[in-house]
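Asker: sequence first, predicted coordinates after that:
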Amino acid sequence: MPVLTSKFSRKEWKDCCGKGCKKCKIAQTYIGAHGRSAGLEQLREDRKTVLAGKSGKKKSGKAQTKKKKKTAKGKKRS
């Protein structure tokens, strides 16, 4: 149900453990909409898709290039 995935923010999804605990608002919404077992299964699937959308790494604005190894003066590179 795509309505439930867009109902919660990304930060709320990151806080959700996906186990169906009582304090988690997302888990309780899924359980209420789909039932206990089907709701938790759907929650796990949706959680994977929402969290897979963005990686946690920060990238610089410049393209990353390989650095060349320096050689000592007078020596040739092989």
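Answerer: Thanks, I have the structure now.
Asker: ok, T49 to G74 distance?
Answerer: Between T49 and G74 the computed distance is 58 Å (CB to CB, to the nearest Å). For glycine as for every other residue, the C-beta is placed from the backbone atoms N, C-alpha and C.
Asker: what about those two, which has more around it?
Answerer: T49 (11 against 5; other CB atoms under 10 Å).
Asker: wait, isn't C24 in contact with C17?
Answerer: Yes. Taking contacts as CB atoms under 8 Å, C24 lies within contact range of C17: 6.9 Å.
Asker: okay, those two: which has more neighbours?
Answerer: Set side by side, C24 and C17 show unequal neighbour counts under other CB under 10 Å, the larger going to C24 at 18 against 11.
Asker: for the more buried one, list the residues it contacts.
Answerer: With CB atoms under 8 Å, 6 or more residues apart in numbering as the criterion, the residues that contact C24 are 15-17.
Asker: ok, the residues you listed vs L4, which is closest?
Answerer: C16 (11.8 Å; CB to CB).
Asker: give me the pLDDT for the nearest residue to that closest one once chain neighbours are set aside.
Answerer: Sequence neighbours aside, I26 is the residue nearest to C16 in space, at 4.7 Å (criterion: CB to CB, 6 or more residues apart in numbering). According to the model's per-residue confidence, I26 sits at a pLDDT of 91.
Asker: against K11, how distant is the most centrally placed residue in the chain?
Answerer: If you average the C-alpha coordinates of the chain and look for the closest C-alpha using CA atoms, centre = their mean, you land on L51, 2.7 Å from that point. As judged by CB to CB, L51 and K11 stand 11 Å apart.
Asker: could you check how far K22 is from G53?
Answerer: Taking CB to CB as the measure, K22 and G53 are separated by 27 Å.
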